[in-house]
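[1] Just to be clear, the model below is a prediction. Sequence and coordinates:
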Amino acid sequence: MSQRIRRLQRHHKQRARAVHLNIVSLIDVFAVLVFFLLVSSSLAAARLNVISLNLPSPDRTATPEQQDKQPLTVTLRKTELVVTSDGVTRNLANTPQGYNVQALSDLLVEVKKSDPSEQNINVLLEPDTPYDALVKVMDAARITPAEARASGLPHELFPQISIGDATVEGSSLRAPAPTPAVAP
């Protein structure tokens, strides 16, 4: 046999060896990765606040007493907050930082002091109202300030929050009925 043939055979034998892939280290990496993802997802899920909706049943009817009483309503307009309680409307002009949430909170504390059994509030939004503004107004409506809690008010001012569309100023259309949402 010629030297060239032997060299080709030797080269072929070296190539013919089976290549073994060691996947033990790869399995170790995946095990650590799965553990890390499970732990981090459970921590992230704990930080999420879920608002559960408390929708009225279709067969529920309001009593005449409930129909006569006007609900407490906060309407978010572009230039102001409009608070309506027992037929009395109060306008809270915006501050340079945005909606006057502190004045709204103080006003809602006064309303709660005048009617401690009231649990419901309607929040009506104009189109294009920022989500952040809605969250701030809902927090002001739900959470009692510390100084008011010290005077004996419960931790939650109005836990039953309903959200709906406000009529656009100058429009003759009525706002649709708000959807009740219970904040945690």
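    In hand now; what should we look at? Numbers count the residues shown, from 1 in each chain.

[2] could you show me where the helices are in this structure, in order?
    3-16, 24-47, 64-68, 101-114, 131-142, 146-150 (DSSP state H).

[3] quick one: which of these is nearest residue 163?
    Among the helices of the chain, helix 131-142 comes nearest to residue 163, with 7.5 Å by Cβ to Cβ. The way it works is simple: take the backbone N, C-alpha and C, and place the C-beta from them, glycine included.

[4] So what pairs up with the residue nearest to residue 138 when sequence neighbours are not counted in the strands?
    Leaving aside its sequence neighbours, residue 138 sits nearest to residue 161 (Cβ to Cβ, 6 or more residues apart in numbering; 5.7 Å). Beta bridges link residue 161 to residue 121, residue 181 when assigned by DSSP bridges.

[5] What score does residue 161 have for pLDDT?
    At residue 161, the model reports a pLDDT of 88.

[6] so it sits right up against residue 141, yeah?
    Yes: look at residue 161 against residue 141 with Cβ atoms under 8 Å: they come within range, at 6.0 Å.

[7] what residues are shared contacts of those two?
    Both residue 161 and residue 141 are contacted by 121, 123, under the criterion Cβ atoms under 8 Å, 6 or more residues apart in numbering.

[8] Show the average pLDDT along stretch 26-46.
    According to the model, stretch 26-46 has a mean pLDDT of 85.
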